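Chemist: This is a predicted model, with the sequence first.
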2 protein chains.
Amino acid sequence: MKKIDICLTPNLLPLYELSDRIVVVVDVLRATSSITAGIATGVKSIFPVAEVAACQALQAQGYIAAGERDGKMVAGFSLGNSPFDYMNEALQGKSIAMTTTNGTLAIDKSKAAKEIIIGSFLNLTAIATYLENQEYDVLIVCSGWKGKFNLEDTLFAGALVEKLQDSFEYECDSGLAALCLYQTAKGDLMTFMKNSSHFRRLKHLDVVDDIAFCLSIDHFSVVPYVINGNEIVKK
Amino acid sequence: MKKIDICLTPNLLPLYELSDRIVVVVDVLRATSSITAGIATGVKSIFPVAEVAACQALQAQGYIAAGERDGKMVAGFSLGNSPFDYMNEALQGKSIAMTTTNGTLAIDKSKAAKEIIIGSFLNLTAIATYLENQEYDVLIVCSGWKGKFNLEDTLFAGALVEKLQDSFEYECDSGLAALCLYQTAKGDLMTFMKNSSHFRRLKHLDVVDDIAFCLSIDHFSVVPYVINGNEIVKK
């Protein structure tokens, strides 16, 4: 039977063998949700980078620049971090450079994988179906928060383990814990998340609409994946 | 309000500020349970070390040597890893050197803390009461398994967060997750643990009695703590 495992933060990635696995990178709030929303609605590619300067360099090459600092769109950029920003007819066929610290780090540190795909609640079933049809073991890499465990990415991991539990076995306790957390939370993910550190960090209440959307399941059937090291396109 | 946080594996310790905190090191199966049992029943001190050779060196200095490799007591040693081995009238007033990889690493990496105390289900309430009466923030350090998350140490962390939730606040999602897991599992910790990787790794069924004992709550009221860098004695 194929195996599925969960790396709870990118800082634990050195403990995992990646070479023969498909990695699912998840950063529910909000990078991989925004990427999924964009790629599903016609964006040609999305290039995640950690720093504003790197994003500006790509902007100079013709990419549309996206990102926030302290809850505000970076000066001179065209898009923020909200998934709603990425669902726009004007972005059809365009390439976007987005700043996101935790998600970029998770992708960078997963480079040794057979393939990196982008997961979120928005494309949960599409990801599960894709993985069921591949012959490789799977590692879900949670982006976490500044290297630490976070709740929302682990809940996604639990949701994916639940979907795949008949076709994959999990070896590590992290799979069991994520599944247990998801099964406790899934009746009302939003209420469960209201106790999380992400909610407590929120300064702008308008982000609550983003979160509600990011926690909604199967809006899209796209499987975004990483090519050429860092650029994300539709499978 | 004082703060409590949970470091899910020693590999994440560099992310935490230790200098003004009390660290609770936990390695439920079985190092910190055995240490608690020993110190509670009259052992003078326990010196945890990672390697058999280091344990033998302490044995040459007069320590009673304890430890297993591949489920068998190390040749020439007097005690194994079972907590039952440590509850023995013949050990009254003696000092023990024990080999334990995960637990030793957790203690070593926590050296910068204000104080390190030793937690287990066996002395849960004693640990909670002690921490309530101190003025410092707390970090629970789970020993994990070879650097990865494990279930049993996280369940202990959740039990301690539950005990302390009126006198401490938790900042990180790891506290919320541990509490949720514990509240799901606490009705029957043993059944919950039967899905864990530790159970699946078991080669010898006689260890099941050890596990049942290690999951039993408040057998003892001792608070073991670390002095001189590495040696554990009664508070």
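Modeler: Structure received.

Chemist: Output the below-cut-off pLDDT ranges for chain A.
Modeler: A:203-205 (pLDDT under 70).

Chemist: rerun at 90
Modeler: A:68-72, A:170-171, A:195-207, A:229-230 (pLDDT under 90).

Chemist: would you list every one of the strands in it?
Modeler: Ranges of strands in chain A, per DSSP state E, are A:2-7, A:21-26, A:45-49, A:64-66, A:68-69, A:72-73, A:95-99, A:115-119, A:137-142, A:168-170, A:224-227, A:231-234.

Chemist: for chain B, what are the nearby residues on chain A?
Modeler: Residues of chain A found near chain B (Cβ under 8 Å from any Cβ of the partner chain) are A:8-9, A:11-12, A:15, A:145-151, A:154, A:171-174, A:176-177, A:180-181, A:184-185, A:195-198. Bear in mind the C-beta positions are built from the backbone N, C-alpha and C, glycine included.

Chemist: Can you flag which of those belong to helices?
Modeler: A:151, A:154, A:173-174, A:176-177, A:180-181, A:184-185, A:197-198 (DSSP state H).

Chemist: What is the nearest of those residues to B:N228?
Modeler: The closest of these to B:N228 turns out to be A:D173 (Cβ to Cβ; 33.1 Å).

Chemist: quick one, what contacts that closest one?
Modeler: By Cβ atoms under 8 Å, 6 or more residues apart in numbering or on different chains, the contact set of A:D173 is B:145, B:148-151, B:154, B:196-198.

Chemist: same check, this time on A:L151
Modeler: A:181, A:192-193, A:196-198, B:173, B:176-177.

Chemist: Could you do A:A212 as well?
Modeler: A:M190.

Chemist: Quick check: which of the strands of chain A is nearest to B:N133?
Modeler: strand A:137-142 (36.2 Å).

Chemist: Can you name every helix or strand that the closest one contacts?
Modeler: Applying 3 or more Cβ pairs under 8 Å, 6 or more residues apart in numbering or on different chains; DSSP states H and E, we find strand A:137-142 packed against strand A:2-7, strand A:21-26, helix A:101-109, helix A:151-164.

Chemist: Just the buried ones from the ones in helices among the residues of chain A next to chain B?
Modeler: A:151, A:154, A:173-174, A:176-177, A:180-181, A:184-185, A:197-198 (16 or more other Cβ atoms under 10 Å in any protein chain shown).

Chemist: between those, which is closest to A:V222?
Modeler: Of these, the one sitting nearest to A:V222 (Cβ to Cβ) turns out to be A:T154, at 22.8 Å.

Chemist: any idea how far the closest residue to the closest one other than its chain neighbours lies from B:Q59?
Modeler: Of all residues not flanking A:T154 in the chain, A:A178 sits nearest, at 5.0 Å (Cβ to Cβ, 6 or more residues apart in numbering or on different chains). Applying Cβ to Cβ, to the nearest Å, the value for A:A178 to B:Q59 is 42 Å.

Chemist: Compare those two (neighbour count), which wins?
Modeler: Higher neighbour count among A:A178 and B:Q59: A:A178, with 28 against 19, using other Cβ atoms under 10 Å in any protein chain shown.

Chemist: ok, the more buried one touching A:D5?
Modeler: No: counting by Cβ atoms under 8 Å, A:A178 sits too far from A:D5 to count as a contact (10.3 Å).

Chemist: Now flag whichever of the buried ones among the ones in helices among the residues of chain A next to chain B is closest to B:D85.
Modeler: Distance to B:D85 across these (Cβ to Cβ) is lowest for A:D173, with 25.6 Å.

Chemist: Just give the nearest non-adjacent residue to the closest one, would you?
Modeler: B:L151 (4.1 Å).

Chemist: Please apply the same query to A:L79.
Modeler: Using Cβ to Cβ, 6+ apart, the nearest residue to A:L79 is A:A66, at 3.7 Å.

Chemist: Same check on A:F149?
Modeler: B:S174 (4.7 Å).

Chemist: Over to A:K2?
Modeler: A:F168 (4.9 Å).

Chemist: Equivalent analysis for A:S196, please.
Modeler: Per Cβ to Cβ, 6+ apart, closest to A:S196 is A:L151, 4.4 Å.

Chemist: Count the neighbours of the nearest residue to A:K235 once chain neighbours are set aside for me.
Modeler: If the residues on either side of it in the chain are set aside, A:K235 comes closest to A:V223, at 4.1 Å by Cβ to Cβ, 6+ apart. Burial of A:V223 is recorded as 20 neighbouring residues (other Cβ under 10 Å).

Chemist: Show the contacting residues for A:V223.
Modeler: A:117-118, A:123, A:126-127, A:130, A:234-235.

Chemist: Now for the residues you listed: which two are most distant?
Modeler: Of all pairs in the contacts of A:V223, the most separated under Cβ to Cβ is A:I127 and A:K234 at 13.2 Å.

Chemist: Compare those two and say which one has the larger neighbour count.
Modeler: The neighbour count for A:I127 versus A:K234, taken as other Cβ under 10 Å, is higher for A:I127 (30 against 13).

Chemist: For that one, give its distance to A:A54.
Modeler: Note on A:I127: its distance to A:A54, by Cβ to Cβ, is 27 Å.

Chemist: measure A:F77 to chain B for me?
Modeler: Applying Cβ to the nearest Cβ, to the nearest Å, the value for A:F77 to chain B is 29 Å.

Chemist: That residue and A:C55 touch, don't they?
Modeler: Yes: under the contact definition of Cβ under 8 Å, A:F77 touches A:C55, with a separation of 7.4 Å.

Chemist: which residues are common contacts for those two?
Modeler: Contacts common to A:F77 and A:C55, judged by Cβ under 8 Å, 6+ apart, are A:65-67.

Chemist: and which of those residues is nearest chain B?
Modeler: Distance to chain B, by Cβ to the nearest Cβ, is smallest for A:G67 among these, at 23.5 Å.
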